[in-house]
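> dropping the sequence and predicted coords here.
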Amino acid sequence: MGNKHSNHSSHKHTADNKMKHSKMDHSTMDHSKMDHSEMDHSEMDHGAMGGHAHHHHGSFKEIFLKSLPLGIIIMLLSPMFGVQLPFQFTFQYSDILVALLSTILYIYGGKPFYMGAVDEFKEKNPGMMALVTLGISVSYFYSVYAVIAGYVTGEHVMDFFFEFSSLVLIMLLGHWIEMKAVGEAGDAQKALAELVPKDAHVVLEDDSIETRPVADLQVGDLIRVQAGENVPADGTIQRGESRVNEALVTGESKPIEKNPGDEVIGGSTNGAGVLYVEIKQTGDKSFISQVQALISQAQSQPSRAENLAHKVAAWLFYIAVIVALIALVLWMVIADVPTAVIFTVTTLVIACPHALGLAIPLVTARSTSLGASRGLLVKDRDALELTTKADVMVLDKTGTLTTGEFKVSDVELFNDKYTKDEIVALLAGIEGGSSHPIAQSIISYAEQQGIRPVSFDSIDVISGAGVEGQANGHRYQLISQKAYGRNLDMDIPKGATLSVLVENDEAIGAVALGDELKPTSKDLIQALKKNKIQPIMATGDNEKAAQGAAEILGIDYLASQSPQDKYELVEKLKAEGKKVIMVGDGVNDAPSLALADVGIAVGAGTQVALDSADVILTQSDPGDIESFIELAQKTTRKMKENLVWGAGYNFFAIPIAAGILAPIGITLSPAIGAVLMSVSTVVVAINAMFLRLDPKSSVD
Ligand SMILES: Nc1ncnc2c1ncn2[C@@H]1O[C@H](COP(=O)(O)OP(=O)(O)OP(=O)(O)O)[C@@H](O)[C@H]1O
Ligand SMILES: [Cu+]
Ligand SMILES: [Mg+2]
């Protein structure tokens, strides 16, 4: 149980760390809002996409549905291309009625577009909304002019109210569908929010049960979680036993047995037992909120791929405007003004670089939620792309490739001042101040022997070497043999990790510990080699222990590495022009995690390690490193595909819209242009949705 417990506190660590990083974005952190997600879909999506100026102004769905009858009336009353269709009817002055109705449609239905365009111009970043606005404005104003000119000159001038209204309707519909597709491609925030139930059963003083909204839960409340229910908030089990599935929260796939004293995480699913849980964290401080904050932090900073997409979209705007102007002038010369207006409008509309704008965010959203559901949390999105270019992976040994669950194999005495039990009491006492995996193992060892730890007055961690502290007026150190610096009079068990207990600069005892490789470590090394990533193990542990592990794994290694050494190793590899991934969990890994191109902190890791990393794997399973590489490769491929499609589509669409194929009889109407632009976006969304990970190969 002790072990499971420590796993849990590590989840908490992960969470606390995120807390510091996130700017506590109110829109994503407000729990009550998320629980009762009545928010309009497009707004939700918008939040997840971040950074875009458009779609702020009302919901496309609502505006579309209200504009639909108006648009249909206009279309029925106005001839398309001047051709009378059988179901159309016109009467005297019907064109004035059409102009009036179109004005209403322009003001109401066009609003999301021109307001979006205003935002874009304010940000000096004209894009899709500006193009759509130009398109509908040109067709609207020209048509108004046509009607007036018709009455002034007494000659019929062709108007485009039919094209105008169908364009507005299709644009609204298209953007509504797009937003839905965007939402379905994966909104990690929402998926996580849905894990938390809306209500909790609070056990009152008199043992009666009151059902309260989760938002009203207080720290210290005792709640009852029924069998099969999701846990509403983080807490500690007071009574009851069950198996709890935390898969969706932490990525741990198997249900975990829980007993009184164990912690449960809000959003996990209770198995067959009833649990009584004392609430420890609610709202923003809960684990799940912290994960959400982390995700929104990652999504709020544009990745390099996204910046590229934005640049291309901006270019597209200028290209579309220029091509539209050229088409306008040329077609006025070749044909007439109405023909020229049609080609211009179609060009503006078809170029709406919506697909391009969404190409990357859609994949990111999908990839983030996919990753989160497997316990792969990406803090810095560029880490995904960089991972696909990696040449070397530097791995820490203890806690990363090995379990970190040490067994004390030997306790050695160097003088008779202390008994063995007294040495163990000192060891356990000084480890009270350390978060190193060795510490927990020694403390448990003392516990099993029924030995009470010596209480220390002060304890300090010496990173990469051990711990030191004061007790009973003496100064003690528990450090590696390398840090001790002198030879010891003892037989060191083969492959063991050895730490020396020093009193006033003299070795008084030593403890030898053994640790085992994790079952998936070997697979990871093989997978790395297959992916042409050279694995190097860099460990703070001694030569013998390192060699033992390295031989089994078939991996290059460096032993007795101080935090500085690890840092310099990464520095050296980078100087050789290599892209370096660093994987670690300890304090001694933190500097190199920060320096590496991609820093991956594994689950049971310490606070500092988690803070310095770009990627956090909530479990410390080497198999997850493999999954992360797979996620990185697939995500990057999808992004490239979407960029090529989003940009490439325009390469053909713009010239055709401008009428380049008119000589062979192929022309597009503005409405068809609008349909194509929506379809191109839906293609991008569907492609993103097909981002999947292989099922995890689990080793038991
Ligand atoms: N809390 C501790 N208790 C006992 N010995 C320690 C402690 N911390 C460090 N040491 C000693 O210092 C050595 C180096 O520690 P360090 O944290 O740099 O590496 P490590 O965690 O053992 O290995 P790795 O770098 O692969 O994780 C350990 O092998 C151990 O001998
Ligand atoms: Cu668009
Ligand atoms: Mg370590």
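Cool, got the structure. Ligands and ions are numbered 1, 2, ... in the order given.

> give the contact list for the residue of the stretch 301-450 of the chain found nearest ligand 3.
Distances between the stretch 301-450 of the chain and ligand 3 by C-beta to the ion are smallest at residue 398, namely 4.2 Å. Where C-beta positions appear, they are placed from N, C-alpha and C, glycine not excepted. Counting by C-beta atoms under 8 Å, 6 or more residues apart in numbering, residue 398 makes contact with 404, 437, 438, 497, 515, 539, 540, 541, 585, 586.

> one more time with 10 Å, if that's ok
By C-beta atoms under 10 Å, 6 or more residues apart in numbering, the contact list for residue 398 reads 404, 406, 436-438, 497, 513, 515, 539-541, 545-546, 549, 584-586, 588-589.

> the helix or strand harbouring residue 65 packs against which elements?
Assigned by DSSP states H and E, residue 65 belongs to helix 60-77. Applying 3 or more C-beta pairs under 10 Å, 6 or more residues apart in numbering; DSSP states H and E, one finds that helix 60-77 contacts helix 41-49, helix 94-109, helix 111-122, helix 161-184.

> could you give the angle of it to helix 94-109?
Angle, helix 60-77 to helix 94-109, by axes from the mean of the first three to the mean of the last three C-alpha atoms, to 10 degrees: 170 degrees.

> list the buried residues for helix 60-77?
For helix 60-77, a neighbour-count test (16 or more other C-beta atoms under 10 Å) marks 60, 61, 63, 64, 67, 70, 71, 74, 75, 77 as buried.

> before we move on, back to that, so which of the contacts of residue 398 also contact ligand 1?
When those are checked against ligand 1 using C-beta under 6 Å from any ligand atom, the ones in range are 436, 438, 497, 539, 540, 541, 586, 588.

> quick check: chain neighbours aside, which residue is closest to the first one?
Here the nearest residue to residue 436 in space, its sequence neighbours aside, is residue 586; by C-beta to C-beta, 6 or more residues apart in numbering that works out to 6.9 Å.

> before we move on, what about the fourth one?
Closest residue to residue 539 in three dimensions, ignoring its sequence neighbours and counting by C-beta to C-beta, 6+ apart: residue 397, at 3.7 Å.

> residues contacting the one you found?
Residues near residue 397 by C-beta under 10 Å, 6+ apart: 404, 497, 515, 517, 521, 537-541, 545-546, 549-550, 553, 555, 557, 559, 561, 584, 586.

> before we move on, back to that, which among the ones next to ligand 1 among the contacts of residue 398 end up buried?
Buried among the ones next to ligand 1 among the contacts of residue 398 (16+ other C-beta under 10 Å): 436, 438, 497, 539, 540, 541, 586, 588.

> rewinding a little: near ligand 2 at all, the helix holding residue 65?
No - figure legend: helix 60-77 not in contact with ligand 2 (C-beta under 5 Å from the ion); closest approach 10.8 Å.

> got any ranges where the stretch 551-700 of the chain has weak pLDDT?
The model of the stretch 551-700 of the chain has pLDDT under 70 over residues 604-607, 696-700.

> taking it, what residue is nearest to ligand 3?
For the stretch 551-700 of the chain, C-beta to the ion, closest residue to ligand 3: residue 586, 3.0 Å.
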